[in-house]
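Enquirer: structural data only, the sequence is not supplied:
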Ligand SMILES: Nc1nc2c(ncn2[C@@H]2O[C@H](COP(=O)(O)OP(=O)(O)OP(=O)(O)O)[C@@H](O)[C@H]2O)c(=O)[nH]1
Ligand SMILES: [Mg+2]
Ligand SMILES: [Zn+2]
């Protein structure tokens, strides 16, 4: 190896038993020509040093790592250290995430508001900033999509609405995403997460799925988490869709995960500091907002 200090990089994908690491070109001033010419992505196929995997400090997509035992010819290396993380998402496992992008389609599969709330609560629970994106606005009327957008605004978000068929809204979303460091795209199967990445980075042409004819759901086309660069220092993570996020939230945290409830609590105070906003005397929260029944049922479930 050259004598410029340890080579470092970022894990961009995990496939079978290998971790794919994109080399930080500043840590390798002279990437060996023979390697660069066979591998214009500048990535190495890596394994994790046994000491690291046994020590419990496993490595995940998004991690910044140090490399050792580099074999330029074969394009291989060993990960010998993982830099401290700024954040960690456990499902899907991605390190150093800055933003969560929650994607739902306006149709095909149809919008399901309880499912959307489950995804949003999972995203809120990370404490990271959230962007809500509606896809497939070509499949419904302008009036219908306006109603959906207003619904999500009542929940406290300002959604983007795009069509990957007509390109409507894509540039505005792209400019928004280019300001983020590492955004994880999540949402149910078939809503168009991978199609969105293909639209933003046309060179990569990832495989997108069709919808099951019978149940109009996605067919879980994406199987792995993978990072894609959309601008300098700005990556998107595609993730496999799943349909029902498990909500493991402490009951006393739940009210903080509903933006519309947070606003109500900013201006009012309940009689009891630990009020769960169910039927307590002196509760200042009105019960006629749209997601209150969901909040109430979930709170009761979490309290059992
Ligand atoms: N009409 C229309 N179809 C779209 C749009 N976006 C995606 N699709 C279609 O929706 C289907 C599913 O898209 P994918 O990108 O594979 O969905 P995904 O969210 O990545 O699904 P998983 O990988 O299974 O989680 C494909 O047939 C796409 O062509 C859109 O804006 N409009
Ligand atoms: Mg996909
Ligand atoms: Zn209350």
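Expert: Received the coordinates, thanks. Please read all numbers here as calculations on a predicted model, not as lab measurements. Numbering: from 1, shown residues only. Ligands and ions are numbered 1, 2, ... in the order given.
Enquirer: so stretch 280-291, near ligand 3 or not?
Expert: Yes - using C-beta under 5 Å from the ion, stretch 280-291 reaches ligand 3 at 283, 285. (Each C-beta comes from the backbone N, C-alpha and C, glycine too.)
Enquirer: so for that stretch, what's the average pLDDT?
Expert: Per-residue confidence for stretch 280-291 averages out to 95 on the pLDDT scale.
Enquirer: for stretch 104-122, same thing?
Expert: Rounded mean pLDDT across stretch 104-122 is 95.
Enquirer: how far does it stretch from start to finish?
Expert: 14 Å (C-alpha to C-alpha, to the nearest Å).
Enquirer: stretch 282-289 too?
Expert: 18 Å.
Enquirer: which residues touch that stretch?
Expert: Surrounding stretch 282-289, the residues in contact under the criterion C-beta atoms under 8 Å, 6 or more residues apart in numbering are 154, 260-261, 264-265, 268-272, 275, 277, 296.
Enquirer: buried ones among these?
Expert: Listed as buried from these are 260, 261, 264, 265, 270, 275, 277; burial here means 16 or more other C-beta atoms under 10 Å.
Enquirer: which one of those residues is nearest ligand 1?
Expert: Taking C-beta to the nearest ligand atom as the measure, ligand 1 lies nearest residue 260 of the buried ones among the contacts of stretch 282-289, at 26.6 Å.
Enquirer: correct me if wrong, but that closest one is in a strand.
Expert: No - going by DSSP: H, G, I helix; E, B strand; the rest coil, the assignment for residue 260 is helix, not a strand.
Enquirer: you'd agree it is up against residue 292?
Expert: No - distance between residue 260 and residue 292: 9.1 Å, which falls outside the contact criterion (C-beta atoms under 8 Å).
Enquirer: let me have the contacts of stretch 282-289 in JSON lines, extended by distance to residue 239.
Expert: Listed next are the contacts of stretch 282-289 as JSON lines, based on distance: C-beta to C-beta, whole Å:
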{"residue": "154", "distance to residue 239": "27"}
{"residue": "260", "distance to residue 239": "27"}
{"residue": "261", "distance to residue 239": "27"}
{"residue": "264", "distance to residue 239": "32"}
{"residue": "265", "distance to residue 239": "32"}
{"residue": "268", "distance to residue 239": "38"}
{"residue": "269", "distance to residue 239": "39"}
{"residue": "270", "distance to residue 239": "37"}
{"residue": "271", "distance to residue 239": "43"}
{"residue": "272", "distance to residue 239": "40"}
{"residue": "275", "distance to residue 239": "36"}
{"residue": "277", "distance to residue 239": "32"}
{"residue": "296", "distance to residue 239": "30"}
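Enquirer: out of these, which touch ligand 3?
Expert: Cross-checking the contacts of stretch 282-289 against ligand 3 (C-beta under 5 Å from the ion) gives 270, 275, 277 as the overlapping residues.
Enquirer: of all those, which comes closest to residue 245?
Expert: Within those, proximity to residue 245 (C-beta to C-beta) peaks at residue 277, which comes in at 22.4 Å.
Enquirer: neighbours of the residue nearest to that closest one when sequence neighbours are not counted, just the number please.
Expert: In space, not counting the residues next to it along the chain, residue 277 is nearest to residue 285; the distance is 4.4 Å by C-beta to C-beta, 6 or more residues apart in numbering. Taking other C-beta atoms under 10 Å as the criterion, the count of residues near residue 285 is 18.
Enquirer: try the one 10 residues further on
Expert: Using other C-beta under 10 Å as the criterion, residue 295 is surrounded by 24 other residues.
Enquirer: name the element it belongs to?
Expert: Assessed by DSSP states H and E, residue 295 sits inside helix 292-303.
Enquirer: same deal with residue 153?
Expert: In the assignment (DSSP H and E), residue 153 maps to helix 142-154.
Enquirer: and the gap between the closest residue to ligand 1 within the stretch 101-250 of the chain and ligand 2?
Expert: Of the stretch 101-250 of the chain, the residue with the smallest distance to ligand 1, taken as C-beta to the nearest ligand atom, is residue 241 at 2.5 Å. From residue 241 over to ligand 2 the distance is 6 Å, taken as C-beta to the ion, to the nearest Å.
Enquirer: OK, contacts around residue 76?
Expert: In this structure, residue 76 makes contact with 44, 45, 46, 47, 70, judged by C-beta under 8 Å, 6+ apart.
Enquirer: the residue lying closest to the first one once chain neighbours are set aside: how many residues sit nearby?
Expert: Which is residue 44. Nearest-residue entry for residue 44: residue 77, 4.5 Å, with adjacent residues in sequence omitted and distances by C-beta to C-beta, 6+ apart. Each residue near residue 77 was counted by other C-beta under 10 Å, and the total is 25.
Enquirer: next: the one 10 residues further on.
Expert: When neighbours are defined as other C-beta under 10 Å, residue 87 has 14 of them.
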